[in-house]
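In: Compute the structure for the input listed below.
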Amino acid sequence: MPTRCSHSSMKAIYSSYTLENEITAWVVSFFFVVLGTCSTPAVAWQDTVNLSKVPATVRARIEQASPQDWEIFVAATKKSILGTHPSVGLEVAAPPNLTKDQRLPWISMRLVEWTRSPAFVEHQLQAWLQDRSGPIDSDRFPAWNFQRHEDWIRKNIDGNESFLTFMQRQLAGASLTAQGEDNIATASWFRTFALDLEHQELGLDPSLAFIQSSRPTPERLPISLKWSDLSHFPGVVHDCSQETAKRLQDIEAAMESVLNSEQRDWQRILIDEGPRRWHGKQIDFPRPDPMELTFDLSAIGDEQANNFSFEAWNSPWRHTEPWSVILELEVARMDRISSSSPITLLRQIASDAKGGNHHEHECAIVWDQGSIQVRLSHAYPQSYLAINTPPIIVEPGRTMIAIVYDGLPTTQSLRVWSQGKWQPQQSLHDVLLQDFATPLPQKLEISRGTASSAVRVNQVECYRSALTELELKGWTQESTWKDWGACTLEEQYASREHWAKRVDLQWRYQRESLLFYANSFATALARCSFMPILDPSIASAMPISLANGVGIHKGQSWNDSERVLLAKECEGVRSTVLAMAETERQWQQMIQGRVDAHASDSMDELRNIAERFRNRWDRRELILDLVLSDAWTRIAIASTP
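Out: The predicted structure is shown next:
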């Protein structure tokens, strides 16, 4: 039977046990700290500059510079490291009372402080994006949002990640490691693609032909749909679970079944007498159901405002719901039209609680010299629908246009109506992977224009349904109702389409089922990762910026295994090229705009610095080597000894 211990003995045992465990814990903690330091991928920060390794010529030039030249050197060095970014809390001005032998220790301390500051990180980030990824005009390209990629670059620079690893992950992404961790890095490939698109009008593909007519015919549904195989779109759904992938396939099969049923029902309606009997009982074009009206500009009563924003719009358009918008435009003289720049007539964007806009999710309707462009865009690169019409407004005066969306993520579901008919349209981009509306409050912006504008918006109405041609004609009253026998074939097909959408119960049930499946598909797709990544099974052209960095042919395409091999070559056969390319890039940023800088005068020294960089891949040490080099001090100090 165990005996009881006295209180004092228990205390002694506890103290001994505690001390022993504290020593053990300290040893274990020290072991893991050492292990973590050895295993971390980042390059440790350098606490001080090793002044003994500073060239004697550099030391002499700094110490013997006049007070004025010393100030010039400090200012130029600070600008080369921090750029023009705010340097809050940093000592950046050269103290005038330093003795000459104190200058080098002072500047060495500042170099360490500056290269650890947020201003240095931002300067490096912007320089990298400018030289290697390229800037993206967010106002012109709201569909492309690379904030997560920029945050990834910023994190790597701030943590002083090995430059070799930094480059390898941009080349091969998650394919480089068994863990598959950095897909965001491959957004560099998408950024270059976006820049290439900027050289074309709104990123259009000129090879895409116009859809000559969207009117229903005996061979085609009122809206001829061809469902895109979204779940296999290259480079998008790369890590969804087997369960989610199976669900996506099942929903796609269900949607295909509904579309086939609609095709059969269209053939049935073509020979059905119901539409003709219904047509014979009408005396006028049917008007849109007022219960479907969600926004009416005339109800606002702000006729004097040039621009109008409806902040608390509670009925946003989504990509799995039908909607229509009708605009009455007043067009100015033709000479003013031909010289006008594109005008965004109306757009829906997300707005946070503080009133900030999120342009990466939007619907935009743009006027461009008589043409109408419609874009429904999400933040993910390439996730948007975009169509364009030829010039459909060719004379001044008042006109009405309507954009009708049938609620499915394909450009075939978008139609533009003007001058009494559906207009031909060009499909510019046809992949809408996620919703362009968000859970945030929606903001509706309308550019009313002025009397001197090329086009002025007089009236806007928004409906929660895909309006038919008959309803749009009823809105404008621009033609008279005809007997069935007097109607053209196109007008008879328009009546049958209206019958299918508004009267035929089976058709309406099938359309509601299709929208239900589309919404389910979008919900399942939202659970998948949408990080930019290159699909392993396809070959893609490498961004020119990365090609320049590793010294390869710019026009070559790379598949997954080739990208991994190239990334590994950066450790060996291409390491010298990569190190020299980054050294020269940093050097060019430093000497930018200096007429007294000649690259040929410093190439030998740059090669030596690049060799040291290749052996350690430390970005901060590279910067320190450059600013304490003979080449830089010779340029930055106006008077040399």
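
In: Can you give me the domain boundaries for this structure?
Out: Domain ranges of the chain: 40-209+558-641, 210-235+246-522, per automatic domain parsing.

In: Out of those domains, which gets nearest to residue 549?
Out: Set against residue 549 and scored by Cβ to Cβ, these come closest in domain 40-209+558-641, at 4.9 Å. All C-beta spots, glycine's among them, are computed from the backbone N, C-alpha and C.

In: contacting residues for the residue nearest to residue 185 when sequence neighbours are not counted?
Out: Nearest residue to residue 185 in three dimensions, chain neighbours excluded: residue 169, at 4.0 Å (Cβ to Cβ, 6 or more residues apart in numbering). Going by Cβ atoms under 8 Å, 6 or more residues apart in numbering, residue 169 touches 176, 182, 185, 186, 567.

In: Confidence-wise, which of those comes last?
Out: Ranked by pLDDT, those bottom out at residue 182, which scores 61.

In: Following element in sequence after the strand or helix carrying residue 104, please.
Out: Using DSSP states H and E, residue 104 falls within helix 100-115. Remark: after helix 100-115, the chain's next helix or strand is helix 118-128, criterion DSSP H and E.

In: thought residue 320 was touching residue 436?
Out: No. Assessed by Cβ atoms under 8 Å, residue 320 is found out of contact with residue 436, at 10.8 Å.

In: Which of those two has more residues huddled nearby?
Out: residue 436 (27 against 20; other Cβ atoms under 10 Å).

In: quick one: the more buried one is in a strand?
Out: No. Counting by DSSP: H, G, I helix; E, B strand; the rest coil, residue 436 is not part of a strand but coil.

In: distance of it from residue 522?
Out: From residue 436 across to residue 522, the span is 11 Å (Cβ to Cβ, to the nearest Å).

In: anything in contact with each of those two?
Out: Going by Cβ under 8 Å, 6+ apart, residues that sit against residue 436 and also against residue 522 are residue 319.

In: if we can go back for a sec, out of the contacts of residue 169, who's nearest residue 418?
Out: When the contacts of residue 169 are ranked by distance to residue 418 (Cβ to Cβ), residue 186 comes first, at 41.9 Å.

In: excluding its backbone neighbours, what's nearest that closest one?
Out: Residue nearest to residue 186 in three dimensions, not counting chain neighbours: residue 173, with 3.9 Å by Cβ to Cβ, 6+ apart.

In: So what's the residue count around that neighbour?
Out: Count around residue 173 with other Cβ under 10 Å applied: 28.

In: Am I right that it is in contact with residue 188?
Out: No. Residue 173 lies out of contact with residue 188 (Cβ under 8 Å); the separation is 9.5 Å.

In: residue ranges with poor pLDDT in the stretch 501-641 of the chain?
Out: 529-539, 554-555, 593-601, 638-641 (pLDDT under 70).

In: Would you map the helices across it?
Out: Ranges of helices in the stretch 501-641 of the chain, per DSSP state H, counting those that start in this stretch, are 505-526, 544-550, 560-569, 575-590, 603-616, 619-627, 630-636.

In: could those helices go into a markdown table alongside distance to residue 247 and mean neighbour count?
Out: Below are these laid out as a markdown table (distance: least, Cβ to Cβ, whole Å; neighbours: other Cβ atoms under 10 Å):
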| stretch | distance to residue 247 | mean neighbour count |
| --- | --- | --- |
| helix 505-526 | 5 | 17 |
| helix 544-550 | 36 | 18 |
| helix 560-569 | 26 | 17 |
| helix 575-590 | 43 | 20 |
| helix 603-616 | 49 | 16 |
| helix 619-627 | 44 | 22 |
| helix 630-636 | 59 | 21 |
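
In: The ones you listed into CSV, with extra columns for distance to residue 444?
Out: Shown next, in CSV, are the helices of the stretch 501-641 of the chain (distance: least, Cβ to Cβ, whole Å):
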stretch, distance to residue 444
helix 505-526, 22
helix 544-550, 38
helix 560-569, 43
helix 575-590, 43
helix 603-616, 53
helix 619-627, 46
helix 630-636, 54
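
In: Of these, which is nearest residue 265?
Out: For the helices of the stretch 501-641 of the chain, distance to residue 265 was read as Cβ to Cβ. The smallest value, 5.5 Å, belongs to helix 505-526.

In: tell me which residues form a beta bridge with residue 364?
Out: For residue 364, the beta-bridge partners are residue 347, residue 375 (DSSP bridges).

In: which residues touch it?
Out: Neighbours of residue 364 in contact, by Cβ under 8 Å, 6+ apart: 142, 344, 346, 347, 373, 374, 375, 377.

In: what's the closest of these to residue 316?
Out: For the contacts of residue 364, the nearest to residue 316 is residue 347 (11.6 Å; Cβ to Cβ).

In: just to revisit the earlier point, need the domains of the chain in CSV (columns: distance to residue 543).
Out: Shown next, in CSV, are the domains of the chain (distance: least, Cβ to Cβ, whole Å):
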stretch, distance to residue 543
domain 40-209+558-641, 3
domain 210-235+246-522, 13
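
In: how about these, which one is nearest residue 552?
Out: domain 40-209+558-641 (7.2 Å).

In: before we move on, the earlier item: now the residue nearest to residue 185: how far from residue 152?
Out: 9 Å.

In: got it, and residue 376?
Out: Taken as Cβ to Cβ, the span from residue 376 to residue 152 is 27 Å.

In: Likewise for residue 256?
Out: Residue 256 is 38 Å from residue 152, by Cβ to Cβ.

In: Please identify which of the two sits among more neighbours.
Out: Neighbour totals were compared for residue 256 and residue 152, and residue 152 leads with 21 against 12 (other Cβ under 10 Å).

In: Assign that one to helix, strand or coil.
Out: Quick answer, by three-state DSSP: residue 152 is helix.

In: What of residue 427?
Out: strand.

In: In JSON lines: the contacts of residue 364, plus distance to residue 383, pLDDT and neighbour count.
Out: What follows is those, written out as JSON lines (distance: Cβ to Cβ, whole Å; pLDDT from 0 to 100; neighbours: other Cβ atoms under 10 Å):
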{"residue": "142", "distance to residue 383": "12", "pLDDT": "40", "neighbour count": "22"}
{"residue": "344", "distance to residue 383": "20", "pLDDT": "89", "neighbour count": "16"}
{"residue": "346", "distance to residue 383": "21", "pLDDT": "92", "neighbour count": "21"}
{"residue": "347", "distance to residue 383": "17", "pLDDT": "90", "neighbour count": "19"}
{"residue": "373", "distance to residue 383": "17", "pLDDT": "92", "neighbour count": "23"}
{"residue": "374", "distance to residue 383": "16", "pLDDT": "94", "neighbour count": "22"}
{"residue": "375", "distance to residue 383": "11", "pLDDT": "91", "neighbour count": "24"}
{"residue": "377", "distance to residue 383": "7", "pLDDT": "86", "neighbour count": "25"}
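
In: In contact with residue 125: list those residues for me.
Out: Applying Cβ under 8 Å, 6+ apart to residue 125 gives the contacts 150, 153, 154, 157.
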